[in-house]
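K.L.:
Build the 3D model from these lines:
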Amino acid sequence: MVCRRTGNTFAMTALSGQDARRLHDLAMAILTEREPVRVWPLLMDRLTTDLPVDLAVLIDLDWKAGTGHAQTGSPDWLYEAPLDALIHAHMRAHPLLRHYAHTADRTPLTMDEMADDGWWKSEAYHAGKAAIGIDRQLALPLNSRPGQIRGVIMSRSGRGFTDRDLEYADLARSLLDTVAAHEKAVFGLPQLADPAEYAITPREMSVLALLDEGLTAHAIGSRLRITERTAIKHKENLYRKLRVHDRVTALKKARALGLLPG
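P.N.:
Next comes the predicted model:
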């Protein structure tokens, strides 16, 4: 049974057996993933399928500075969308982000619950609609440092989110909040530099790690279950962010910055 807050009351409902299986499979995907750099991209893929939604994006924002980045997302075409530009230009106008920035609330909420009529007519809404087709949105706020907003924003067109979706999101949020601690405890990750400091996403770190193994773009695509074209795009983004022009220099620079172990 799941207890869901509705206004000043709590409604008790039950997820279906199929939903319980989806959550079980999601937990197992985290526990059995042998490559830590693939965990978050894998989770974004699973959320888009399980809810379902058209897209899911993991974001990390510094509210005071008005900056932030899209860390990873699904589907793959999002990596070619101007997500960081949308965040920088419109994050303070976004009703869900504004709510989480000014409260201690960590309940998954929908745009329909939080937005007034002004949002649907705003420049921010229409910019997002034009760039990535956002319409109905659901936010899963995750644990973060004071002044930061970290969470998953999911979107789909036309159809709003149901009570079942919100219940699933409540449980999925708790599961996602354990991922960082699980990675450190189970995989014994070394204390490396934070890729976010260089605007490098988890998916780009996956590509960097596989470049370090000597894999080609075709092999990277096969390993990450993405197209070769998408793998090449990630590699180009890495080179741009590291300010290099080839694989050898990229790996040397990444080690110097502490992004890869020595």
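K.L.:
C-alpha from now on. contacts and neighbour counts both.
P.N.:
Fine.
K.L.:
need the strands for the stretch 151-262 of the chain, in chain order.
P.N.:
Remark: strands of the stretch 151-262 of the chain are absent; assignment by DSSP state E, counting those that start in this stretch.
K.L.:
shaky segments in it?
P.N.:
180-191 (pLDDT under 70).
K.L.:
Now for the residue nearest to A56 when sequence neighbours are not counted, how many residues are close by?
P.N.:
Once flanking residues are discounted, A56 sits nearest to M154: 4.3 Å by Cα to Cα, 6 or more residues apart in numbering. M154 has 26 neighbouring residues, counting by other Cα atoms under 10 Å.
K.L.:
Now do the contacts for M154.
P.N.:
T48, V53, D54, L55, A56, V57, Q137, L138, A139 (Cα atoms under 8 Å, 6 or more residues apart in numbering).
K.L.:
What strands line up against the strand or helix carrying the last one, and which way round?
P.N.:
What it means is A139. Following DSSP states H and E, one finds A139 within strand 136-142. Paired strands of strand 136-142, with direction, are strand 109-110 (antiparallel), strand 148-156 (antiparallel) (DSSP bridges).
K.L.:
which residues touch the shortest one?
P.N.:
Outside of strand 109-110, the residues that reach it under the criterion Cα under 8 Å, 6+ apart are L96, R136, Q137, L138, A139, L140, F161, L166.
K.L.:
hmm, try it at 10 Å
P.N.:
95-96, 99-100, 136-141, 153-155, 160-162, 166, 169-170 (Cα atoms under 10 Å, 6 or more residues apart in numbering).
K.L.:
Over to stretch 255-262?
P.N.:
189-195, 198, 200, 205, 208-209, 212, 242, 249-254.
K.L.:
Go ahead and confirm E113 touches L96.
P.N.:
Yes - between E113 and L96 a contact is recorded at 9.0 Å, counting by Cα atoms under 10 Å.
K.L.:
Compare those two and say which is more crowded by neighbours.
P.N.:
Ranked by neighbour count (other Cα under 10 Å), E113 and L96 place L96 first, with 24 against 11.
K.L.:
R136 is in contact with that one, correct?
P.N.:
No - using Cα under 10 Å, L96 makes no contact with R136, being 11.7 Å away.
K.L.:
circling back to that earlier point, buried subset of the contacts of strand 109-110, written for PyMOL?
P.N.:
Under the burial definition 16 or more other Cα atoms under 10 Å, those of the contacts of strand 109-110 that qualify are selected in PyMOL by:
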select buried, resi 95+96+100+136+137+138+139+140+141+153+154+155+161+166+169+170
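K.L.:
start to end distance for stretch 106-118?
P.N.:
By Cα to Cα, to the nearest Å, the extent of stretch 106-118 from end to end equals 24 Å.
K.L.:
circling back to that earlier point, just the buried residues of the contacts of stretch 255-262.
P.N.:
Counted by 16+ other Cα under 10 Å, these give P195, I200, M205, L208, A209, D212, L242, A250, L251, K253, A254 as buried.
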